[in-house]
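>>> Can you look at this prediction? I've put the sequence above it.
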4 protein chains.
Amino acid sequence: LNFASDNTAPASPEILAALNEANVGAVPSYGADPITTRLRRRLNEVFETELIAHPVGTGTAANALALATFVQPFGAVICAEESHISTDECGAPEFFTGGAKLITLPSSNGKILPVQIEAVVARARDGGVHHVLPQAVSITQATEWGTVYTPDEIAAISATCRTLGLKLHMDGARFANALVHLGCPAADIAWRAGVDAVLFFDTTLAEGFERRRKRAGHLWSKMRYCSAQLDAYLRDDLWLRNAATSNHQAGRLGAGLAALNNVHLVQPVQANEIFAAMPASVIAALQEGGAHFYEWIAVEGVDAPVIRMVTAHSTTDAEVEEFLELASKV
Amino acid sequence: LNFASDNTAPASPEILAALNEANVGAVPSYGADPITTRLRRRLNEVFETELIAHPVGTGTAANALALATFVQPFGAVICAEESHISTDECGAPEFFTGGAKLITLPSSNGKILPVQIEAVVARARDGGVHHVLPQAVSITQATEWGTVYTPDEIAAISATCRTLGLKLHMDGARFANALVHLGCPAADIAWRAGVDAVLFFDTTLAEGFERRRKRAGHLWSKMRYCSAQLDAYLRDDLWLRNAATSNHQAGRLGAGLAALNNVHLVQPVQANEIFAAMPASVIAALQEGGAHFYEWIAVEGVDAPVIRMVTAHSTTDAEVEEFLELASKV
Amino acid sequence: LNFASDNTAPASPEILAALNEANVGAVPSYGADPITTRLRRRLNEVFETELIAHPVGTGTAANALALATFVQPFGAVICAEESHISTDECGAPEFFTGGAKLITLPSSNGKILPVQIEAVVARARDGGVHHVLPQAVSITQATEWGTVYTPDEIAAISATCRTLGLKLHMDGARFANALVHLGCPAADIAWRAGVDAVLFFDTTLAEGFERRRKRAGHLWSKMRYCSAQLDAYLRDDLWLRNAATSNHQAGRLGAGLAALNNVHLVQPVQANEIFAAMPASVIAALQEGGAHFYEWIAVEGVDAPVIRMVTAHSTTDAEVEEFLELASKV
Amino acid sequence: LNFASDNTAPASPEILAALNEANVGAVPSYGADPITTRLRRRLNEVFETELIAHPVGTGTAANALALATFVQPFGAVICAEESHISTDECGAPEFFTGGAKLITLPSSNGKILPVQIEAVVARARDGGVHHVLPQAVSITQATEWGTVYTPDEIAAISATCRTLGLKLHMDGARFANALVHLGCPAADIAWRAGVDAVLFFDTTLAEGFERRRKRAGHLWSKMRYCSAQLDAYLRDDLWLRNAATSNHQAGRLGAGLAALNNVHLVQPVQANEIFAAMPASVIAALQEGGAHFYEWIAVEGVDAPVIRMVTAHSTTDAEVEEFLELASKV
């Protein structure tokens, strides 16, 4: 009964099958193989544009390497207070950028607003050379609170960035879940809305990225095994089918909890994360029943403790029902 | 009528005299000269202990180099939200430490409290390897709000640091002013209260500092000209006499402003800085009269705009009176 | 007919099988899973000691992260001129250490000598604070010239390091090949010979490594998939069986080439690399016949061009014979 | 009798006079004062162009900050083996650039050649993403061997740099001495010969420099005291008069030594440095007589030990004669 994180789930069988298929014969190393080429073509199709893609092994590396191409050592990245780059990457952006700063903004739901960005930049300009120079904004889709930026919200942030000369970076941590929730094409919440990177939509920005990846130890010599997984993930909409399942189970779990009279949701369920406030006794009952999840930080104005549950592509109807039954017993 | 910053004031005649005296004959470079030796002896006397001192050219360099010896790249420094290292050094601590983070704490008067430090460390420990590791606390004496930590307050912070395994760094930006205000020996608010560095009181911590200074371009080949100034500054209590003058004039200016019925002080005047709220019309009148000062950030709960005035060793009675006259005319 | 690099070879079937087996059910993320635990136990057995192991995705990351725990930003690493960390990692050690220097030593066969290390340290000490401080030595086993350090050679370097206060790092790029060549236990060319890291044999040195790994983006959330591969690699001596095969084929290829009267080996074949000088016409014939390999840098005192061939666990008798036939036709 | 380094000499009386003159009244801090403005105007006149100048406290800072604006962390700087940035700055360029590499070239007289630069770039391009990217060349004028690049030699290096897309940096350590030796205008060995920085001749390259200076702790709040010295140094050709004196005394000392039959010069004397080979007995006699100088690294093909002598603006005829007398006694 594991709702702690989708990182605990096994890989889809399609991914393993792709690895097995890729393991035949000699192919060039460092990304010059046909599978990596095929992946690049597939990404162009999914995003309906020519983009530049350099696979890396972790999300932390993807975020920090992209930010390092956008921001100079004396620069700054504007982001939400609870953003993963600020709270859960042990200073990776500071490391990769050579000591740039993150300027964090308060938010009630994980989303930041153009007006907040404008205020930060105005303050920094007042400070002149004594202050770091804001050079990028980073948003997470879906956010760390499981909420989803709409295309319009992203376009508004992007317009502010253009006006102020900032690059826009998106941490696509739950990108497929957001896409399924919105029911729109990938391009609509990416480059068409003005995002410069998850992948590099503005290809001139990719300069230097390859050497940064190499010197950070993120260029795999046996790249085919990385590309094969991503290729299979995008093939036949596996990524969207997986996201649809986890969103669906999150919706069911959220609705079931909301129906209990001592539980309430502190954020709308839009992706695969559920944040719910509930009595300590309910939490204890769930843990005793073998359920795994994280106790979360307190929410202002909410008395009861808050927990976070995450669903995965492998979450079953039975698991959701068992969890709800445990919660409803107290 | 310049109350913008004591950085605008000329140097004491004694400092210039010392430079002229130092400019005789050939002496060894890079700090192996007799004037630097004399300065070191004098510092030992002032602080009543054997310490290690390596002069550098700016306060930013002193702060950042000291923090870099205390904190690893994956570490963090705990400090007040308005601390100079966080707001006015363009990311110097992040640069010198190789990307460590500053964790900033809210404060009403520029001072931080042991309980706040404990909370930050507890949160970081919960996060494990995903979070940066707090390794130092930095306090400013006198603070950026012109207030002065008492020996007891520093000792309490120091005790918390020892318990939690943190180094304690003091930015001695207005150290002499604080000393004059408290009327105690320098050692009482430095190593006796548990501070590890402005100067290195725990000499084992100085390891690596000299090479860091060199590679940061802060080792002067003609060091005698740096040391001569510091030596003259400490000789015959020049530093304390200068601080006594600027504190005295700050006290007069603060008292004079507080006596006006449309002005009030937002912080007690304990060193050489005065923070006062006043109507925009008074501010305009001062500026038209040729007075220089900074408009400050808004203070919560105070409607009127706030300005900062700084006095120097060269501030005269006449200047204070002229300023007060301008302020009282509206 | 691919002798360009063993990076082009497919993975052993055992490795794929292990991945498939690992892909069952939910397990904790970030290395808290039972497969990672099993891998750690197996490493302790192979090296006959309690050690600390933190898997990462690439050799570049392993080298640079280890060096960053040994060397401060103002430090230096002593290594051979042709070492991979110096020539083929795009400055990864400089990046991870925060700007430490590599001091490179000339060598005829990829091996460095205690006397060279002593000379470098003496020179650096003369230079005082103006020079970087040597803090570690890095050797590669088997070397970039395919030669193998004996246990005695490593012990001599290690003794020099201890005397001079340097850490000893080993880039284990072809560690299994070296082991098979020497026919000794792994511990004999690792901690028993005085090496501090590939894996951390001196466990006190591992401090900070985990946070460095995390902030460099090298902590995999789904760690079981990394550990499962390494675990399978060590199980039932797969790593040694694979190395025995590639060494064997390298020996055959080397002997075959040496028997041709217009080809000669410029280094003894001790691992899975062959360096041979031959007329340009032979090289052209090989390339026309579809053979892949690298043209190498010129060797002093050798007129003919030099090529490098690498064998893998998957290299077959037929491939070696076909290659030799192409070479002997001119 | 101090010929160890011109860093041991006192400052010219004109410099002290300028400091005393500057110490009057309040002026804006951080370089917004009239003396800094006057210095900028004077630099434009000396170099016959509009340039950007940001004073810093040491040569190491000037070199490292300039290189950091030219070279990315994954880049490289090409320079002579004996260049000060490589041997005597404790890794400052690596620190300020975020871990770029120095690629050093052998030279017989401190000068590097276009053909050497071309070879380095060709090799790096072959290596692709695995190698650091050469982005700048750094030359020293006069060189570390006391020799002087002619305008033509600099122009040839500059042309190579333009072709290859590299920036050209000049460490102007003994710039005035070189100028006096050549008898040409400053512009002829600076921007007219194609140099991008000592000062920034290509003003678009200065972007970011000010923030880098600030965060490195090299922006002086009381900038007038820095500018006043530089301003006096350039006024009435003081810098050239000082250089003429030290060159003149170096010439006398060199000629006097060359006339001794057991001494010979290993480099021509073109600036204020003399490198001479002599028997150990002569060196001992000089030291016993109270002369200070550095014993230098051995020169290939020269059996006798080599020493370096440096003259300063304050070196007198009597000092040179006394030194020569000591040397001729053995």
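Thanks, I have the structure now.

>>> those helices in chain A, which residues are they?
Along chain A, counting by DSSP state H, helices occupy A:13-22, A:34-47, A:59-70, A:84-87, A:92-97, A:114-127, A:151-164, A:175-182, A:209-215, A:224-234, A:238-258, A:280-288, A:317-328.

>>> what packs against the third one?
Taking 3 or more Cβ pairs under 8 Å, 6 or more residues apart in numbering or on different chains; DSSP states H and E as the contact definition, the neighbouring helices and strands of helix A:59-70 are helix A:84-87, helix A:92-97, strand A:133-140, strand A:167-171, helix A:209-215, helix C:209-215. All C-beta spots, glycine's among them, are computed from the backbone N, C-alpha and C.

>>> where's it relative to the chain centroid, distance-wise?
Its chain's C-alpha centre and that of helix A:59-70 lie 13 Å apart, by Cα atoms, centre = their mean, to the nearest Å.

>>> who wins for proximity to residue D:282 among the helices of chain A?
helix A:209-215 (50.0 Å; Cβ to Cβ).

>>> Measure how buried the residue of the stretch 151-300 of chain A at minimum distance from chain D is and give me the count.
In the stretch 151-300 of chain A, no residue comes nearer to chain D than residue A:211, which is 3.9 Å away by Cβ to the nearest Cβ. Look at residue A:211: counted by other Cβ atoms under 10 Å in any protein chain shown, it has 22 neighbours.

>>> Does it touch residue D:133 like I think?
Yes: contact between residue A:211 and residue D:133 holds when scored by Cβ atoms under 8 Å: they sit 6.3 Å apart.

>>> okay, and the common contacts of these two?
Residues touching both residue A:211 and residue D:133 (Cβ atoms under 8 Å, 6 or more residues apart in numbering or on different chains): residue D:74.

>>> in stretch A:127-146, what's buried?
A:129-146 (16 or more other Cβ atoms under 10 Å in any protein chain shown).

>>> same for chain B: which of those are within range?
By Cβ under 8 Å from any Cβ of the partner chain, the members of the buried residues of stretch A:127-146 lying near chain B are A:129, A:130, A:131, A:132.

>>> Quickly check: the helix or strand of chain A with the lowest mean pLDDT near chain B or not.
Lowest mean confidence among the helices and strands of chain A (mean pLDDT, DSSP states H and E): helix A:209-215, at a mean of 82. No: Helix A:209-215 lies out of reach of chain B by Cβ under 8 Å from any Cβ, never closer than 14.5 Å.

>>> Touching that helix from outside, list them.
A:52, A:54, A:56, A:61, A:65-66, A:68-69, A:96, A:200, A:219, C:60, C:64, C:89-92, C:95, D:73-74, D:99, D:129-130, D:132-133.

>>> One more pass at 6 Å, please.
A:54, A:65, A:68, A:69, A:219, C:90, C:91, C:92, C:95, D:74, D:129 (Cβ atoms under 6 Å, 6 or more residues apart in numbering or on different chains).

>>> Adding pLDDT, write the residues you listed out as CSV.
Output for the contacts of helix A:209-215, formatted as CSV (pLDDT from 0 to 100):
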residue, pLDDT
A:54, 87
A:65, 92
A:68, 92
A:69, 91
A:219, 85
C:90, 93
C:91, 93
C:92, 94
C:95, 95
D:74, 93
D:129, 87
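
>>> so which of these comes closest to residue B:231?
Nearest member of the contacts of helix A:209-215 to residue B:231, counting by Cβ to Cβ, is residue C:95, at 41.1 Å.

>>> Most proximal residue of the stretch 101-250 of chain A with respect to chain C?
Closest approach between the stretch 101-250 of chain A and chain C, counting by Cβ to the nearest Cβ: residue A:217, at 2.8 Å.

>>> Any idea how many residues pack against the closest residue to that residue other than its chain neighbours?
Spatial nearest neighbour of residue A:217, excluding adjacent residues (Cβ to Cβ, 6 or more residues apart in numbering or on different chains): residue C:61 at 2.8 Å. Number of residues near residue C:61 (other Cβ under 10 Å) recorded here: 25.

>>> so residue C:61 sits right up against residue C:220, yeah?
No: if you go by Cβ atoms under 6 Å, residue C:61 and residue C:220 don't touch, sitting 11.4 Å apart.

>>> For these two, list the residues in contact with both.
With Cβ under 6 Å, 6+ apart, residue C:61 and residue C:220 have no common neighbours.

>>> coming back round to it: can I get the helices of chain A in JSON lines including distance to residue B:257?
Output for the helices of chain A, formatted as JSON lines (distance: least, Cβ to Cβ, whole Å):
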{"stretch": "helix A:13-22", "distance to residue B:257": "70"}
{"stretch": "helix A:34-47", "distance to residue B:257": "61"}
{"stretch": "helix A:59-70", "distance to residue B:257": "46"}
{"stretch": "helix A:84-87", "distance to residue B:257": "41"}
{"stretch": "helix A:92-97", "distance to residue B:257": "42"}
{"stretch": "helix A:114-127", "distance to residue B:257": "25"}
{"stretch": "helix A:151-164", "distance to residue B:257": "38"}
{"stretch": "helix A:175-182", "distance to residue B:257": "55"}
{"stretch": "helix A:209-215", "distance to residue B:257": "54"}
{"stretch": "helix A:224-234", "distance to residue B:257": "66"}
{"stretch": "helix A:238-258", "distance to residue B:257": "57"}
{"stretch": "helix A:280-288", "distance to residue B:257": "53"}
{"stretch": "helix A:317-328", "distance to residue B:257": "61"}
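
>>> if you compare those helices, which one is most tucked away?
helix A:92-97 (a mean of 30; mean count of other Cβ atoms under 10 Å in any protein chain shown).

>>> Might you list the low-confidence residue ranges for the stretch 201-330 of chain A?
Within the stretch 201-330 of chain A, no stretch has pLDDT under 70.

>>> Quick check: residues of it near chain D?
For the stretch 201-330 of chain A, the residues in contact with chain D (Cβ under 6 Å from any Cβ of the partner chain) are A:208, A:210, A:211, A:212, A:214, A:215.

>>> wait, which of these is closest to residue D:28?
residue A:208 (38.0 Å).

>>> Tell me who's in contact with that closest one.
A:69, D:72.

>>> what do you get if the cut-off is 10 Å, keeping everything else the same?
Applying Cβ atoms under 10 Å, 6 or more residues apart in numbering or on different chains, we find residue A:208 in contact with A:65, A:68, A:69, D:72, D:73, D:74, D:75, D:133.

>>> now do residue A:88
So residue A:88 contacts A:59, A:60, A:82, A:144, B:127, B:128, B:130, B:131, C:214 (Cβ under 10 Å, 6+ apart).

>>> Mind doing that once more with 7 Å?
residue B:130 (Cβ atoms under 7 Å, 6 or more residues apart in numbering or on different chains).

>>> how close does it sit to chain D?
Taking Cβ to the nearest Cβ, to the nearest Å as the measure, residue A:88 and chain D are separated by 24 Å.

>>> pLDDT wise, what is that residue at?
Looking at residue A:88, its pLDDT reads 91.

>>> And it, its phi and psi?
The phi/psi pair for residue A:88 (degrees, to the nearest 10) reads phi -130, psi 20.

>>> Repeat that for residue A:279.
phi -60, psi 150.

>>> what's the closest of the ones next to chain B among the buried residues of stretch A:127-146 to residue D:108?
Relative to residue D:108, and with distances defined as Cβ to Cβ, the nearest of these is residue A:129, at 43.3 Å.

>>> Looking at the stretch 201-330 of chain A, which residue is nearest chain B?
residue A:297 (8.8 Å).

>>> Any idea what the closest residue to that residue other than its chain neighbours is bridged to?
Leaving aside its sequence neighbours, residue A:297 sits nearest to residue A:306 (Cβ to Cβ, 6+ apart; 7.3 Å). Beta-bridge pairing of residue A:306 under DSSP bridges involves residue A:277.
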